[in-house]
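Student: For reference, the sequence and a predicted model appear below.
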Amino acid sequence: MGVASPWRVVVWIVLSARAMASDSFSFRPPSIPIITGDPYLQAHMMGDTATSDVVRFWDKREREMSGMVRVRLSGGEYYTMRFLGACTAEENLTNECPPAMVQTSVEVLPTSTVFVMVPPSSAVAEGLDFELRVSFVSPLLTDDLEVMARPLHYVHIESTGAAVEEAEMTAYLGLSGMFTVDKGHENVTWGIDILSSDQSTIWMGSEEQNVVGQSGDKMAINWGYLYLAVWGDGSEASRYPGDLAVAKRKFISDGTLPLEADRWQPRAVNEQHPGLSATRKVEAGSGPTRGATFILAYDEVAAVDYFGSKLRGLWTQYFKDGGMADMLVAARNEWPKIATRCEQHDTELRANLTAVGGDEYAAIGSLAYRQTLSALKLVWNEEKQEEWLFVKEISTNGDMQTMDVIFSASPMLLYVRPELVPLMLRPILAYAANETSIVYGSPYSPHQLGVYPIADATTESQEQMPIENSGNMMLMILGVLRAQGQGGSSGSSGSSSEVADADTAWFAEYMPMLKTWADYMAEGLPFPANQLSTDDMMGKFPNNTNLAAKGIIALKAFGEVCTLVNQTDPSCAAYADAAQGYAETWEALSYTEVGGSHYKMSFNARDSAYSLKYNLVWQKILQLDGPFSDDVFSTEVAHYIGQANRYGPPLESDIDGTRTVFATMTKADWVSWVAAMAPTDEQFSTLFHPVFDMANTTRSRVPLTDLYDTYTGLSFSGMIDFFIDRPVIGGVFARALLP
């Protein structure tokens, strides 16, 4: 389970051969994740350094978050520097903005982002010569749901160097009330809670508190409460909820925060900018018990609405009595242990990814880990007495529990903790089986449950993708069984007896319904009707060979699932037999040598038309014996390499000679899947490097995109803010799942 899987044993043999490359490796992420917790609690730096821009929400809206340190010089004077955030327009006008520290490095790890900085030259001239290390830690430890579910984050600041051993240093952290509202005109209130003799927290939240009262894509939360906690008595720490500008001026002036409370509340966030400010003395030295540590947390009161039932965050099950107060006290007490666990987790996961695909693969995988998990929300279903995991389709309409989004993200979840996938599929299965107030009436899988965070979809509101989503369900179910049967990793072959030992209880009750879906899918193969696939931006077209490949492999997978659940059912073998026959037809009718040997994008397309048959990779992920021959993989991979531009092969060519806006576009998740299909490491690197190159050089400074131009590397968000920060990027873990 988790990163403590059997495949770790082989890592260090391979890693030693790559160590020299790692020493000189560098990566400039398109956007630097600062806070990555769930679809609402997010903060990004869309620039090269921690001070090059204001902190922003994933959709580029400003979310002011500022950090400073104030250091006493040898002569007794004080010098203040910024380590986070750009100067506001008002600060520039009044000349009240401290100089920025000089960033020497930034590293994005699976659970943290670490900045290393030194003072600006003006401070060095005054005798300040030290190194500041600022770590933004989101403890998304998938092997520990209790910790993973906590809606909190740490900001840890360390200072080392002879110049600060005896110097006095204080750190400041401030967060705008915009973290708690969707629009700046909304009113907020605030206060302070005493947690213990030396630990207090300040909080802020919207006045209205319309809990889970609205849904949408480019929408921020406007219910619940933001917390900023720090420990230490009056000589070590201070807290102030209220006007951010007043707090920052006071800190720059004397290193403290106002003693007099800001009593003008409630008030709008865009009126004298209310926010939360805290300071903490920085103890010289390194390690989690030195420096200064701040805790950010968010109590959303209720997380999602599932057909009329408001479900609370899973964290509330672990802190039933004391709620947020108890969670913050636990977060403080456990910080040294959590810091160590996060560091070990990141080191091991990065090492494993490096062994699998090299430094570039590990860099993208680390970013993908953060981005995928920050689109998820763990909740508790009181009625069923079980954990559920919800996902938001960020930036492409905000749908909730979108089947093809879960499918795209699933390789990462199957790799790090396969048990997370059933937590995402159970809400869909329950809905499709009419366990909610809505009657679902289609003989195939639903597409989505609603628009996050409100599940209220009807049959009529579904985006119809019969083969796409039914196939996704079959493939993921067997993917979970494969992973569970091998101790938590699909990366090594497992016997049928091991797979049979895997847990089937979570879906077994729905087998009659799943069989109906499989039968419906079989009737439409091997020539899919005019219907959508996950690449719905391309529109419908019939005889889609990539979609057919998914359905064919999914039929084979369902045959195995059927046998595992009921080994005496003679009908199970028919699915695998049908899949084999369909695959033979597929290979015979889609192959062409026009424009180079490849398999056409549609059975009735012009011969030179091609598409990325990324769905084929699931035959390898699931370690199936067929139904497609090895020649299909080698032929297709060679053709993709021949079609590639600087940033990879386009998703597909025009089907009939008509150019479209997407003719030069591709998707990072799909390119990573066809790269995983490559028979050789060299071919894998040839196909995957363009994905890294895009992320490393693109001028689209947004959270990692999955749809971009293969000539320019620009994300589709260059035209419209779509396809950014999406959890589908978890698909890059496909290579890691292979034997």
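Tutor: Good, I have the coordinates. In this text, all values refer to a predicted model and were calculated from it rather than measured experimentally. Residues are numbered from 1 along each chain as shown.

Student: Now the residue of the chain most remote from its centre, what are its backbone angles?
Tutor: Here the centre of the chain is the reference, and by C-alpha atoms, centre = their mean the most remote residue is residue 75, at 47.7 Å. Here is the backbone geometry of residue 75 (degrees, to the nearest 10): phi -80, psi 0.

Student: if I look at it, how far off is residue 417?
Tutor: Residue 75 sits 55 Å away from residue 417, going by C-beta to C-beta, to the nearest Å. (C-beta placed from N, C-alpha, C; glycine too.)

Student: before we move on, back to that, check contacts around the residue farthest from the centre of the chain.
Tutor: Applying C-beta atoms under 8 Å, 6 or more residues apart in numbering to residue 75 gives no contacts.

Student: what do you get for residue 575?
Tutor: So residue 575 contacts 518, 522, 555-556, 558-559, 562 (C-beta under 8 Å, 6+ apart).

Student: Just those residues: which are in helices?
Tutor: Among the contacts of residue 575, the members found in helices (DSSP state H) are 518, 522, 555-556, 558-559, 562.

Student: in stretch 73-92, what counts as buried?
Tutor: Neighbour counts over stretch 73-92 (16 or more other C-beta atoms under 10 Å) mark 78-88, 91 as buried.

Student: Distance to residue 37 and secondary structure added to those residues, as a markdown table?
Tutor: Compiled in a markdown table, the buried residues of stretch 73-92 are given as follows (distance: C-beta to C-beta, whole Å; DSSP: H, G, I helix; E, B strand; the rest coil):
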| residue | distance to residue 37 | secondary structure |
| --- | --- | --- |
| 78 | 34 | strand |
| 79 | 33 | strand |
| 80 | 29 | strand |
| 81 | 27 | strand |
| 82 | 24 | strand |
| 83 | 21 | strand |
| 84 | 17 | strand |
| 85 | 19 | coil |
| 86 | 23 | coil |
| 87 | 27 | coil |
| 88 | 25 | coil |
| 91 | 28 | helix |
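
Student: Out of the residues you listed, which comes closest to residue 476?
Tutor: Comparing those against residue 476 with C-beta to C-beta places residue 84 closest, at 39.1 Å.

Student: Please enumerate the helices of the stretch 501-650 of the chain.
Tutor: Ranges of helices in the stretch 501-650 of the chain, per DSSP state H, counting those that start in this stretch, are 505-508, 511-523, 545-565, 572-590, 617-621, 630-643.

Student: So which of these is nearest residue 107?
Tutor: Among those, the nearest to residue 107 by C-beta to C-beta is helix 617-621 (29.5 Å).

Student: and the closest one, average pLDDT?
Tutor: For helix 617-621, mean pLDDT rounds to 98.

Student: What ranges in the stretch 401-550 of the chain fall below the confidence cut-off?
Tutor: Along the stretch 401-550 of the chain, segments meeting pLDDT under 70 span 486-501.

Student: Strands along that one, start to end?
Tutor: 450-451, 454-455 (DSSP state E, counting those that start in this stretch).

Student: Tell me the strands beside the first one, with direction?
Tutor: What that stands for is strand 450-451. Strand 450-451 has the following strand partners under DSSP bridges: strand 399-400 (antiparallel), strand 454-455 (antiparallel).

Student: so of these, which one's packed in deepest?
Tutor: Of the strands paired with strand 450-451, the one with the most neighbours on average (mean count of other C-beta atoms under 10 Å) is strand 399-400, at a mean of 24.

Student: Looking at the strands paired with strand 450-451, which is nearest to residue 32?
Tutor: When the strands paired with strand 450-451 are compared by C-beta to C-beta, strand 399-400 sits nearest residue 32, at 26.9 Å.

Student: Mean pLDDT per helix and strand in this structure: which one sits at the bottom?
Tutor: Within the chain, no helix or strand scores below helix 11-24, which has a mean of 44 by mean pLDDT, DSSP states H and E.

Student: and residue 563, how many neighbours?
Tutor: 18 (other C-beta atoms under 10 Å).

Student: pretty sure it is touching residue 571, no?
Tutor: No - with contacts counted by C-beta atoms under 8 Å, residue 563 stays clear of residue 571, the gap being 10.0 Å.

Student: State the pLDDT value of the nearest residue to residue 359 once chain neighbours are set aside.
Tutor: Residue nearest to residue 359 in three dimensions, not counting chain neighbours: residue 25, with 4.3 Å by C-beta to C-beta, 6 or more residues apart in numbering. Confidence at residue 25, expressed as pLDDT, is 91.

Student: Just want the phi and psi numbers for residue 25.
Tutor: Backbone dihedrals for residue 25, given as degrees, to the nearest 10, come out at phi -80, psi 140.

Student: What of residue 297?
Tutor: Phi and psi for residue 297, reported as degrees, to the nearest 10, are phi -150, psi 160.

Student: For it, give the beta-bridge partners.
Tutor: residue 152, residue 227.

Student: what's the spacing between it and residue 353?
Tutor: Distance of residue 297 to residue 353, computed by C-beta to C-beta: 30 Å.
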